[in-house]
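In: no sequence on this one, just coordinates:
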């Protein structure tokens, strides 16, 4: 019975998608019609432009003193060019002799005197410098394309100088032609001088031969080329294919008012979500397959156009090409498409579900599109291999897997991790989506997510907490300012720049809180805390710190260079400062500023809409991203969860500030007193840790976290009881 319900819902979702013209355009017309038209149109235009450039006339201003050597070389070039064109015409359409004589020379020699006699220009100063200045004006006016003069070097050799305007296509192309002519002239003069000396010019100029032999098979060469292009095309096409159905089945239904009807039917939420999810994933797979077919057709067309010599240079022996060797790669690629489709479908649905309209959902998904496209370029980067670590990174793992399969280099372990991790990430995203649909907030927002910054200030009611819209705006706005201006400040001002960048972090949210008339005390949790709450905070922090330290030690085994570069970068920034100043900059200032922003403004904004753990995890993840270190993302996020829990249970930001300061102080101590922490706490900071010591520390950390949470819950109950009285 329940399977029948899911089938009916799936049929309904598929019909809705195929009735949507935008979906049909993106799924079918774009890959099968628009992409080929763009490709063939661009190819035709580029071919036409190249043909026109190769058959055009280009004027070269000469002011050289070389006994006519360059003029003779240009004349030979023009004769050979005309001869080549005549032969091409004979082979193409058997053109008549009259047609052959109409072929134009490539380079037309002109003189500055020609322009002066015609009255077009006037020579103010008849010197080499004056003529060169006049030549510059002629080139800028596009009356000529390239200027060549000669200068005598100190050893008596002639130096040819070319002038051109790189922003003008004809001038740029003409200079490359003249440079080739000058290179040929150099070879001619070199051979002439050698022969006059009674030597064999060929043996002197080429004392040894070079023979290149590519031992890669045709299939390997083809896989190398496809391995750069195909993964990027796959991830982008999958994203484009899932994006519009995901928006339509979530935000689109909200906008049409049909989601309320679905939620009132005798169906379970997970059945509705599963039907929507399968629909979006199927559309992604269909889009990827159609894109691959379209791209395969274009590649086949290009191969037919490629001449045998060009194919040989690329290592392609088209006659002996065996498509059967790519069958395993194709099968794994299909599995990768399915796994990634599950992941990207779930992610796009989660993002689109936050929106109330189609337009808003498009805006929300734009950052995801940029992230996927930028990450997809990893296939173009050489020497990045798929190992167990890279296999865990979304998007990048799929690109590298497809690339290595096409290169016949993939191994079983990383391949399994890639496929399983994408399915796991998809499952987690589906769980989040299910929780979102279990909440009435999916339909009724009640103004808790609106952005108040652009409202008229007189209409804003004083008091209360920021909205989630305010919080998201601050997250992105401060992140942009911090990344761009904060980096500049730190580079130009060192440790002072670090302090100034922290002022950005605390100042922008505080200014917005004042402008939107939020309660500063409630928003930033500027409240008293009880001693028992502070004790629980210490225990929770110690436990979280120990867990974070174990995890960081584990990561250090895989990324030692990244950790060392990160620590050395901070040391260089603070170089020259004493320990007290570094303590104030690294420990005290971030503890105040970052806690006020993340556990103050942002957390309060999220708590106004999201549930407790959703808000805690979300603000902690953003806190980790803010530190702009991929290897430190999870450890930083762990500490962020600890600080957010402290604020939640104590309803005060001050204990979190103290714990944050203690955590950063340990880094300052290690920087100025290396080895001190190892000597004082060898079990925690010692380098020679064992499984037994890690197990002991792990047990201690779990006990500490448990005890800290228990005490904090007691503190919370006491606080709430006092409020009720």
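Out: In hand now; what should we look at? Worth saying up front: this structure is predicted, and the values here are computed from it rather than measured.
In: Quick one: neighbours of residue 708, just the number.
Out: 24 (other CB atoms under 10 Å). The C-beta positions use only the backbone N, C-alpha and C, and glycine is treated the same way.
In: Mean confidence (pLDDT) on the helix or strand that contains it, please.
Out: Using DSSP states H and E, residue 708 sits in helix 691-724. The pLDDT scores in helix 691-724 average 84.
In: What helices and strands are in contact with it?
Out: helix 531-558, helix 633-650, helix 682-685 (3 or more CB pairs under 8 Å, 6 or more residues apart in numbering; DSSP states H and E).
In: Just name the most buried of these.
Out: Among the helices and strands packed on helix 691-724, helix 633-650 has the highest mean neighbour count (mean count of other CB atoms under 10 Å), at a mean of 23.
In: now the helices for the stretch 101-250 of the chain?
Out: Listed in chain order, the helices of the stretch 101-250 of the chain (DSSP state H, counting those that start in this stretch) span 112-117, 128-140, 169-196, 201-205, 218-247.
In: re the thing from before, how about the helices and strands packed on helix 691-724, which one is nearest residue 113?
Out: helix 633-650 (70.0 Å; CB to CB).
In: rewinding a little: CSV for the helices and strands packed on helix 691-724, including distance to residue 499 and mean pLDDT?
Out: CSV is the format used below for those (distance: least, CB to CB, whole Å; pLDDT from 0 to 100):
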stretch, distance to residue 499, mean pLDDT
helix 531-558, 25, 84
helix 633-650, 20, 92
helix 682-685, 28, 66
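In: Show me the strands in the stretch 351-500 of the chain, by range?
Out: Using DSSP state E, counting those that start in this stretch, no strands are assigned anywhere in the stretch 351-500 of the chain.
In: where in it is pLDDT low?
Out: 438-451, 454 (pLDDT under 70).
In: Ok, the stretch 101-250 of the chain next?
Out: 101-105, 218.
In: let's see it at 50
Out: Across the stretch 101-250 of the chain, residues meeting the criterion (pLDDT under 50) sit at 101-103.
In: do you know how far the residue of the chain positioned farthest from its centre is from residue 206?
Out: Computed with CA atoms, centre = their mean, the residue of the chain farthest from its C-alpha average is residue 198, at 61.1 Å. Distance of residue 198 to residue 206, computed by CB to CB, to the nearest Å: 18 Å.
In: Which helix in the protein has the most residues?
Out: The helix that spans the most residues within the chain, counting by DSSP state H, is helix 269-305.
In: okay if I get the helices of the stretch 101-250 of the chain as CSV plus mean neighbour count and distance to residue 56?
Out: Output for those, formatted as CSV (neighbours: other CB atoms under 10 Å; distance: least, CB to CB, whole Å):
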stretch, mean neighbour count, distance to residue 56
helix 112-117, 15, 20
helix 128-140, 16, 16
helix 169-196, 16, 7
helix 201-205, 12, 33
helix 218-247, 23, 32
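In: With distance to residue 339 as added columns, please give those in CSV.
Out: Below are those laid out as CSV (distance: least, CB to CB, whole Å):
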stretch, distance to residue 339
helix 112-117, 68
helix 128-140, 57
helix 169-196, 46
helix 201-205, 57
helix 218-247, 10
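In: Show me the one of those helices that comes nearest residue 408.
Out: Of all the helices of the stretch 101-250 of the chain, the one in closest proximity to residue 408, counting by CB to CB, is helix 218-247 (6.7 Å).
In: Figure out how far that closest one is from the centre of its chain.
Out: 15 Å (CA atoms, centre = their mean, to the nearest Å).
In: Please work out how many residues are found near the nearest residue to residue 432 once chain neighbours are set aside.
Out: Among residues not flanking residue 432 along the chain, residue 350 sits closest, at 5.5 Å (CB to CB, 6 or more residues apart in numbering). By other CB under 10 Å, the residues close to residue 350 number 21.
In: ok now do residue 350, which residues does it touch?
Out: Contacts here follow CB atoms under 8 Å, 6 or more residues apart in numbering; on that basis residue 350 touches 429, 432-433, 436.
In: Let me have the helices and strands packed on helix 691-724 in a markdown table, extended by distance to residue 136.
Out: Formatted as a markdown table, these follow (distance: least, CB to CB, whole Å):
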| stretch | distance to residue 136 |
| --- | --- |
| helix 531-558 | 58 |
| helix 633-650 | 55 |
| helix 682-685 | 67 |
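In: closest one to residue 124 among those helices?
Out: helix 633-650 (66.0 Å).
In: mind listing what's buried in the helix or strand following that closest one?
Out: Counting by DSSP H and E, the next helix or strand C-terminal to helix 633-650 is helix 654-672. Of the residues in helix 654-672, 654-661, 663-665, 668-669 count as buried by neighbour count, 16 or more other CB atoms under 10 Å.
In: Please identify the buried residues of the longest helix of the chain?
Out: By neighbour count, with 16+ other CB under 10 Å as the criterion, the buried positions of helix 269-305 are 269-292, 294-295, 298.
In: and the angle for that helix with helix 218-247?
Out: Angle, helix 269-305 to helix 218-247, by axes from the mean of the first three to the mean of the last three CA atoms, to 10 degrees: 140 degrees.
In: pLDDT of helix 269-305, averaged?
Out: For helix 269-305, mean pLDDT is 77.
In: how close does residue 551 get to residue 645?
Out: Separation of residue 551 from residue 645 (CB to CB): 17 Å.
In: repeat for residue 230
Out: Separation of residue 230 from residue 645 (CB to CB): 45 Å.
In: one step back: top of the contacts of residue 350 by number of neighbours, please.
Out: In terms of neighbour count, residue 433 stands highest of the contacts of residue 350 at 24 neighbours, by other CB under 10 Å.
In: Leaving out sequence neighbours, find the closest residue to that one.
Out: residue 350 (5.2 Å).
In: Need the three-state assignment for the one you found.
Out: For residue 350, the assignment made with DSSP: H, G, I helix; E, B strand; the rest coil gives helix.
In: So what does residue 56 look like in phi/psi?
Out: The phi/psi pair for residue 56 (degrees, to the nearest 10) reads phi -80, psi 170.
In: Who are the contact partners of the residue lying closest to it once chain neighbours are set aside?
Out: Computed as CB to CB, 6+ apart, the closest residue to residue 56 that is not its neighbour in sequence is residue 170, at 7.2 Å. By CB under 8 Å, 6+ apart, residue 170 lies in contact with 53, 56, 58, 142, 145.
In: And residue 170, how far from residue 146?
Out: In this view, residue 170 and residue 146 are 9 Å apart by CB to CB.
In: shared neighbours of those two, which are they?
Out: With CB under 8 Å, 6+ apart, residue 170 and residue 146 have common neighbours residue 58.
In: tally of neighbours for the closest residue to residue 281 other than its chain neighbours?
Out: Nearest non-adjacent residue to residue 281, counting by CB to CB, 6+ apart: residue 345, 4.3 Å away. Neighbours of residue 345 under the rule other CB under 10 Å: 30.
In: Phi, psi for residue 143 please.
Out: Dihedral angles for residue 143 - degrees, to the nearest 10 - are phi -80, psi -20.
In: surely it meets residue 114?
Out: No: Residue 143 lies out of contact with residue 114 (CB atoms under 8 Å); the separation is 10.0 Å.
In: what sits against residue 64?
Out: By CB under 8 Å, 6+ apart, residue 64 lies in contact with 70, 148-150, 160.
In: Kindly recompute the last result at 6 Å.
Out: By CB atoms under 6 Å, 6 or more residues apart in numbering, the contact list for residue 64 reads 70, 150.
In: Show me the one of the helices and strands packed on helix 691-724 that comes nearest residue 245.
Out: That would be helix 633-650 among these, by CB to CB, at 30.2 Å.
In: and the angle from that closest one to helix 691-724?
Out: Helix 633-650 runs at 30 degrees relative to helix 691-724, counting by the same axes, to 10 degrees.
In: what packs against helix 633-650?
Out: Counting contacts by 3 or more CB pairs under 6 Å, 6 or more residues apart in numbering; DSSP states H and E, helix 633-650 is packed against helix 531-558, helix 612-626, helix 654-672, helix 691-724.
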